[in-house]
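> I'd like to go over a predicted model; first the sequence, then the structure.
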Amino acid sequence: MTSERMQSSERAMPRRTRFDVRFLFVPCLLFVANIAGAVEPLAPEPVTGEVTTQALTLDATAFAPQGMRATVYLPPGYAEGSRRYPVLYLNDGQDREAVRLRESLNELIAIGQIRAPIVVAIDMPPDRLAAYGLSDRKAGTAVIAQTRHGAIGTNAHAYSQWVVDTLVPTIDARYRTRTTPDARAVLGWSLGGLNAFNLGWQYPEVFGRAGAFSPSFWPAADTTDDASTQRTRMVQRMVDASEPRNGARWFFAVGTEEETDDRDGDGINDAIDDTRDLLDGWNAGAGGMKGVRQLGYSINYDHAAKATRADASLYLLPGGRHDQASWARMLPVFLRWAYAVHAPPLQATGRVDSYQDVPSAHVAARNVDVWLPPGYRSHPKRRYPVLYMHDGQNLFDPALSYTGIDWDVDGTMTKLIAAGQVREAIVVGISNTPLRVAEYMPAKAVPAKAVPAGPSTQLLSDEYLRFLVEELKPAIDATYRTEPARADTLVMGASMGGLISAYAMSEYPHVFGAAAGLSTHWPADDGVVIDYLAAHLPARGTHRFYFDHGTATLDASYAPYQERMDRVLHDAGWRRDRGWMSREFPGAEHNERAWRDRLDVPLRFLLGR
């Protein structure tokens, strides 16, 4: 698959679905966990017992001539099981007792509120001021701030590289860890929070989550006066000069009584202002500095009032100060944010059960939302077909959707069921990840010669389907009253989601009885998936396909490819409008609004009475 052909085929596609060779062929560390173990239930049962600890001593380094020490917290039952765990790396690990780390872990795990992590509490290096600062990974240097307390960050690059190159591999080798970025978080407070943010920002392929309590975001390149300090704050400048960290999530906690300093005289203390400026930018529209919001991240500015699924969250602790007692109060909030079993609820019609970061042995964890039909609760003996849908964040709640418009799957299903036009069914929305293209592009359809050689490059659709078939479906069947047979197991998506839906039924014809693709992106590599399907169709008569497309924006190029796929099905003896349906919607564009407006058509085909 040449990059020229991929880019020309999707030149008009929005950022969510545009092919980019960088997302297809990048180091495996980003993608593959290479782990095994028992499939986890959607909501693990509360665990009895307590966390245990092991002391870890690491060799001397230039910034720590006497070596580094850490304490590893292992979840209850670790020694008896085979499960792999996410890992939280903690700066200032010597504060572990003062912030009540053990107590918070034991309590939250015991009541089943979080998926238990391994925690690595790293004792501070001998020169804390030098280690806990910012670095420039690309330049290979520390970013040093001269302050009245002394130089901050002299060893920050060396310390950050040690964490990534020495500590993380050591932990992964010794313990049963999950090794995708979404399963690694880093947390710190004060200067340790500054460095935790630095680790998350500079090493996104290692840490997919970062938390900072009372972060020291005040160091500046020029402290001549307050105005100069505001303008040259170093962490804000680092963000301003950066590209987005795709898929990363951030948590910031600040006390309302951290300090009394107020550089800009707005009545808000600098600890809060510095953090908000990192999130929202500082005079961004007037030549100031961009924040993470200007880089495309969604932000929850009041996590204390309501937890959301935003990329970045700010938690203000009433009465919180710059001390260990306040950080102990912040810690359970962070742990629930990072490791919650249930994702923050959706605004949707009917009942939706939401699960956060459902783990997999094959691909990165992701959120899963399960919509239950109106009769599910009132008919406790009835079983239901299941429709699995990709791009789950676009299905139920416009606040989460890529375009701000959702498919309204919940509303459309409710109306069709009430009208007696479709069977009641469970809908499972599977959120995409930053690796959407790699996970949705059918791997076996791509000629081997088109994929760069070597273990560091690959497509991930086969791994994604293993997650769907071997892990998620069994968990759904075990949790809900499903009809698990092939005829009642359906799959649907749009654009690249249409490709992976067709591929799913081709690869697992014993699992899926019907597949639907809206605006299926057949132009990928000039229709290579059509050629593959032609040779790998499931049996007609027992399987069904639905395809459609519009005629505007990206869909304007789809008609010749869909006609080609239609000929494949026709020539193979499939009966049109019974075994397969193909529709064109004049004027329809390639977006969620268009798919929402015609969603009733594929739903009637898949679930019609």
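Looks like it arrived, so ask away. Small disclaimer: the values here were computed from a predicted structure and weren't measured.
> Point out where the stretch 1-150 of the chain drops to low pLDDT.
For the stretch 1-150 of the chain, the stretches with pLDDT under 70 are 1-39.
> show me where it has helices.
Counting by DSSP state H, counting those that start in this stretch, residue ranges of the helices within the stretch 1-150 of the chain are 3-9, 21-24, 101-110, 128-131.
> So which bits of the longest one are buried?
Under the neighbour-count criterion of 16 or more other Cβ atoms under 10 Å, helix 101-110 has L101, R102, S104, L105, N106, L108, I109 buried. In this view, the C-beta of every residue, glycine as well, is placed from N, C-alpha and C.
> Same list (these) but as CSV, adding distance to L335.
Output for the buried residues of helix 101-110, formatted as CSV (distance: Cβ to Cβ, whole Å):
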residue, distance to L335
L101, 9
R102, 12
S104, 6
L105, 7
N106, 11
L108, 6
I109, 9
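> Among these, which one sits closest to A399?
Of all those, L108 has the smallest distance to A399: 26.5 Å, by Cβ to Cβ.
> who touches the closest one in this structure?
I114, P332, L335, R336, Y339 (Cβ atoms under 8 Å, 6 or more residues apart in numbering).
> try P359
E40, R84, P86, R115, R178, A183, A365.
> for stretch 309-323, how far is the first residue from the last?
Across its full length, stretch 309-323 reaches 28 Å between end residues, using Cα to Cα, to the nearest Å.
> same deal with stretch 90-97?
Distance between the two ends of stretch 90-97: 13 Å, counting by Cα to Cα.
> Would you mark the buried spots in it?
Under the neighbour-count criterion of 16+ other Cβ under 10 Å, stretch 90-97 has L90, N91, D92, G93, D95, R96 buried.
> Let me know whether the second one touches I122 as I believe.
Yes - counting by Cβ atoms under 8 Å, a contact exists between N91 and I122, whose distance comes to 6.1 Å.
> Now do the strands in the stretch 101-250 of the chain.
Assigned by DSSP state E, counting those that start in this stretch, the strands in the stretch 101-250 of the chain fall at 118-122, 134-136, 141-143, 145-147, 150-152, 184-189, 209-213, 249-255.
> The fourth one pairs with which strands, and in what direction?
In the sheet containing strand 145-147, the strands it pairs with under DSSP bridges are strand 150-152 (antiparallel).
> Distance from the chain centre to the strand it pairs with, please.
Between the centre of strand 150-152 and the centre of its chain there are 36 Å (Cα atoms, centre = their mean, to the nearest Å).
> quick one: buried residues of it?
A151, I152.
> what's the answer for stretch 379-390, then?
Across stretch 379-390, burial judged by 16+ other Cβ under 10 Å covers Y384, P385, V386, L387, Y388, M389, H390.
> So which of the residues you listed is the closest to D261?
Top of the list for closeness to D261, among the buried residues of stretch 379-390 and by Cβ to Cβ, is H390 at 48.8 Å.
> Can you give the domain ranges for this protein?
Listed by automatic domain parsing, the domain ranges of the chain are 3-22+343-446+457-607, 44-339.
> wait, M492 sits on A515?
Yes - checked against Cβ under 8 Å, the pair M492 and A515 is within contact range at 7.0 Å.
> What separation is there between the nearest residue to G296 once chain neighbours are set aside and A343?
Excluding its sequence neighbours, the residue lying closest to G296 (Cβ to Cβ, 6 or more residues apart in numbering) is P244, at 5.2 Å. When Cβ to Cβ, to the nearest Å is applied, the distance between P244 and A343 equals 22 Å.
> Of these two, which one has the most company?
Here P244 and A343 are compared on neighbour count by other Cβ atoms under 10 Å; more neighbours surround A343, at 20 against 15.
> Contacts only, for that one.
Neighbouring residues of A343 by Cβ under 8 Å, 6+ apart: R309, S354, Y355, Q356, N367, D369.
> Show me what the lengthiest helix in the chain is packed against.
Longest helix in the chain by number of residues (criterion: DSSP state H): helix 324-339. Here helix 324-339 is seen to pack against helix 101-110, strand 184-189, strand 209-213, strand 249-255, strand 312-317 when contacts are counted using 3 or more Cβ pairs under 8 Å, 6 or more residues apart in numbering; DSSP states H and E.
> let's see 10 Å
Other elements packing on helix 324-339 under the criterion 3 or more Cβ pairs under 10 Å, 6 or more residues apart in numbering; DSSP states H and E are strand 87-90, helix 101-110, strand 184-189, strand 209-213, strand 249-255, strand 312-317, strand 351-358.
> Using JSON lines, lay out these together with distance to S506.
JSON lines is the format used below for the helices and strands packed on helix 324-339 (distance: least, Cβ to Cβ, whole Å):
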{"stretch": "strand 87-90", "distance to S506": "37"}
{"stretch": "helix 101-110", "distance to S506": "41"}
{"stretch": "strand 184-189", "distance to S506": "34"}
{"stretch": "strand 209-213", "distance to S506": "35"}
{"stretch": "strand 249-255", "distance to S506": "34"}
{"stretch": "strand 312-317", "distance to S506": "39"}
{"stretch": "strand 351-358", "distance to S506": "24"}
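> To N432, which of those lies closest?
With Cβ to Cβ as the measure, strand 351-358 is the member of the helices and strands packed on helix 324-339 nearest N432 (13.2 Å).
> as a whole number, average confidence for the helix or strand following that closest one?
Counting by DSSP states H and E, the next helix or strand C-terminal to strand 351-358 is strand 366-372. Throughout strand 366-372, pLDDT has a mean value of 98.
> for strand 366-372, packing partners?
With contacts defined as 3+ Cβ pairs under 10 Å, 6+ apart, strand 366-372 has these neighbours: strand 351-358, strand 386-389, helix 409-418, strand 426-430, helix 473-479.
> partner strands of the fourth one, parallel or antiparallel?
Meaning strand 426-430. Under the rule (DSSP bridges), strand 426-430 has strand 366-372 (antiparallel), strand 386-389 (parallel) as partners.
> Now the two most distant members of the buried residues of stretch 90-97.
N91 and R96 (11.0 Å).
> shared neighbours, the two?
Among the neighbours of N91, those also in contact with R96 (Cβ atoms under 10 Å, 6 or more residues apart in numbering) are A121, I122, D123.
> between M492 and A515, what contacts are shared?
Common neighbours of M492 and A515, using Cβ under 10 Å, 6+ apart, are Y388, G498, S501, A504, Y546, P602, L606.
> now the fifth one: how far from A284?
Right, Y546. Between Y546 and A284 the distance is 45 Å, computed by Cβ to Cβ.
> count of residues packed around the closest residue to R583 other than its chain neighbours?
Leaving aside its sequence neighbours, R583 sits nearest to D548 (Cβ to Cβ, 6+ apart; 4.1 Å). For D548, the neighbour count with other Cβ under 10 Å is 26.
> Which strand residues bridge D548?
Under the criterion DSSP bridges, D548 forms beta bridges with L518, R583.
> give the contact list for it.
Neighbours of D548 in contact, by Cβ under 10 Å, 6+ apart: 494, 498, 516-520, 555, 558, 562, 581-585, 588, 594-595, 598, 601-602, 605.
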